[in-house]
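> Kindly return the folded structure for what I paste below:
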Amino acid sequence: MKKKVILSTTLACIMAMSAVAPAVFAHDELEVDGVSKGERTVLSNVQVQSLPEASFNGQKKVSSFSEAAAVQISELNGVQNNTADVYAHKGFAYLGTHIANGANGGVRVFDLKDPSDPKEVAVFANDDVPGTWQEKVIVKSVNTPHFKGDLAVVSVQQLNSNADTAGGFLLYDVTDPYNPKKLGFWETYDRTNGTHELYLAQQGDRTLVFASNPYADYYSTAYHEPEERRQKDFQIVDVTNPAEPKTIWEFDPRTLPEIQANPTFNGYHWTDEHGKSRAVFNHSVITDNNAQYAYVSMWDLGTVIFDIKDPENPVYLGRTDYASDQQGSAHSAALAKGGNILIETREVSNPVREGFESSYGYTRIFDIKDKSNPILLSEFKTDLVDNIEDGRTFANTVHDPKVHGNTLYLSHYSGGVYMVDISNPSKPTQIGQYVPAQSDVWGVFVDRNYILASDMGQGLKVLTRGK
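Here you go, the predicted structure:
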C-alpha cells in the first residue's frame, strides 16, 4: 500500500501555485470557509421532531414515519466516530463512517433481528489503511468460480492526499457478519484521496465494482504521470477473484462530443457551450439489477449513461443536461419503474453563484426509456432549498435517493428523510418526513418493512412507515 512515486518538494510547490490547478474543488469547497462536510457534533439522547399534523404542498399527509429504534455506534479505541452511508443485507445493517475524530471508524455491522433493538456485532475495515475513512459500503451475495457468499466492498479515502498510503476500496467476506474476513484491496492513484463512492454488481459469473475516484484524472494528468500510471475518475474493476481485483476499463470524458467540440477540459474544469466553467468529476455510480447499464454521476456533466453488457468495452449512450443557469452537481442516482425512470439528486451547497439560480440542491426526475435522450419530467424541491440566507451549508441540500415501489426516499441532512410519491413521475408529491432533533441525515436505505437512516452525529435510525 506504499505509494509508488515520491514527488519532489519543488514539483509539489509548482503544482500548488500552478495556474491549471483548480482553486477550489466543487465537492470540497466548503472546507475553505471552515465548514467541512462530515465534521459534525456527535449527539446522544435526542428527541424526534414530530410532524403529526403536517401537510405537504397543500395536500394532506397520507403517510408518516415512526422511529422504531435509534442507536449510536460504539466508541472504538476511546474515539466516538460519526456515521456516513447505510446499507442492509440479509437482516444486517452496515454503516460506513466519516472523518470526525480522526476517522478510521471502519464499517459497523448491526444485527436487525429485532429492529426495535439493533445490536452492533462487528467492526471491519477500520485498521487496514491508516489515516483513512470508510464512507460507502455495498454488500451482495455473489457466486463465482473464486468466491461464493456475501461480499462487502468498502470505499477507502485518505484524510491527507500526501500520505504514504493510497486510497481505493477493500473487499471483505461477510458471509458470517459477526466475523468479517478481509479478501483484497484495490488502490487508486497515489495523489488522489481514493474511492469516494462505489457500486457492486454480479454480471453472469463475473463480479464487478464500479469505482468513483474524484480528481484521479486531474491529478494524474497534471502531475505528468506516464500513461501506464494515469487513471480516470470512473473505473470498472473485475473482482471475480476478490483477492486479485483487476481494472478492466476506465472512462475519459475527453471522448464525449461536447467536450471535443469545446476542448477546455483539464481533468477537472470544462467550459460549456454557454462559456461557464463546469466541474467534471465522478462522484457516484449505480447499475441496474442485471448490470446492463451504468449511471455515473459526473457532477456538472450530469448523469452519464453507459451500456455495460461488455464491461471491457462500455458504450456511451447519453447524459442528463442542465439549463444554463442551473448548477449541475449530479451527486447520486436511483432507478424506478423498471429502470425507465431516473432519479438524480444534486448536492448544491453553495446556493449563490454569479450567473446561476439561487438555490440549494434539489431532485430531478427523468424518463430514460430512450437512454440516449433522457427527458426531464419534473423537479422536486423541498422546503429547505430556497433558504439561501443560511449561506454556504450542506444542511439544506438534498443528498441521496432510494426507491421502493412508487415511493422515493431522500436523505436531506437537516431535513432528515423525505418520503415522496412518484406514482406519476411528472408530479412527485411529498407524503412524509422524518426529522430527528438536530438532524444530520447522510444516508437512507429501505430494508424489508423498515427504512434505515444514518444520522452523522446520532448513528442508526430504524423507521417504520405509517398509513
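
> Show me what the helix or strand containing residue 365 is packed against.
Here residue 365 sits within strand 363-367, counting by DSSP states H and E. If contacts are counted by 3 or more CB pairs under 8 Å, 6 or more residues apart in numbering; DSSP states H and E, strand 363-367 sits against strand 341-346, strand 375-380. The way it works is simple: take the backbone N, C-alpha and C, and place the C-beta from them, glycine included.

> Would you mind finding the most buried of those strands?
strand 341-346 (a mean of 26; mean count of other CB atoms under 10 Å).

> who does it pair up with?
strand 330-336 (antiparallel), strand 363-367 (antiparallel) (DSSP bridges).

> Not counting its own residues, what contacts the shortest one?
The contact list for strand 363-367, computed with CB atoms under 8 Å, 6 or more residues apart in numbering, reads 303, 320, 340-346, 374-381, 398, 401, 408, 410, 420, 422, 425-426, 428.

> that older thread, and of the helices and strands packed on strand 363-367, who's closest to residue 65?
When the helices and strands packed on strand 363-367 are compared by CB to CB, strand 375-380 sits nearest residue 65, at 18.0 Å.

> helix or strand right after that closest one?
strand 401-404.

> ok, and what's touching that following strand?
Residues contacting strand 401-404 (CB under 8 Å, 6+ apart): 332-336, 343-345, 363, 408-410, 422, 444-446.

> Only C-alpha atoms, please: export the lengthiest strand in the chain in CSV.
When secondary structure is assigned using DSSP state E, the longest strand within the chain turns out to be strand 148-158. Written as CSV, here are the backbone C-alpha positions of strand 148-158 (Å, rounded to 0.1, in the frame of the first residue of the first chain):
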residue,chain,number,x,y,z
LYS,A,148,-19.4,-17.8,-3.1
GLY,A,149,-21.0,-16.0,-0.3
ASP,A,150,-21.8,-12.4,0.9
LEU,A,151,-19.2,-9.9,-0.4
ALA,A,152,-18.7,-6.4,1.0
VAL,A,153,-16.9,-3.6,-0.8
VAL,A,154,-15.8,-0.6,1.2
SER,A,155,-14.6,2.8,-0.1
VAL,A,156,-11.3,4.0,1.4
GLN,A,157,-10.4,7.7,1.3
GLN,A,158,-7.3,9.4,2.6
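
> just how off-centre is it within its chain?
14 Å (CA atoms, centre = their mean, to the nearest Å).

> Let me see the ranges of the helices in this structure.
Listed in chain order, the helices of the chain (DSSP state H) span 9-17, 216-222, 257-261.

> Confidence-wise, which of the ones you listed is weakest overall?
Mean pLDDT is lowest for helix 9-17 among the helices of the chain, at a mean of 30.

> How about residue 186, nearest residue that isn't a chain neighbour?
Among residues not flanking residue 186 along the chain, residue 245 sits closest, at 4.1 Å (CB to CB, 6 or more residues apart in numbering).

> and if you look at residue 124?
Using CB to CB, 6+ apart and skipping the chain neighbours, the partner closest in space to residue 124 is residue 180 (3.8 Å).

> before we move on, what about residue 133?
Computed as CB to CB, 6+ apart, the closest residue to residue 133 that is not its neighbour in sequence is residue 103, at 3.9 Å.

> Repeat that for residue 202.
Spatially, and ignoring its direct neighbours in sequence, residue 202 is nearest to residue 142 (5.0 Å; CB to CB, 6+ apart).

> any weak-confidence spans in this protein?
1-63, 224, 466-467 (pLDDT under 70).

> of all the contacts of strand 401-404, which comes closest to residue 264?
Nearest to residue 264, judged by CB to CB, of these is residue 344 at 24.3 Å.

> before we move on, back to that, identify each buried residue in the longest strand of the chain, please.
Within strand 148-158, the residues scored as buried using 16 or more other CB atoms under 10 Å are 150-158.

> coming back round to it: wait, doesn't the residue nearest to residue 133 sit right on residue 135?
No. Residue 103 lies out of contact with residue 135 (CB atoms under 8 Å); the separation is 9.7 Å.

> returning to what we had before: ok, the residue nearest to residue 124 - contacts?
The neighbours of residue 180, taking CB under 8 Å, 6+ apart as the test, are 107, 109, 122, 124-125, 152, 172-174.
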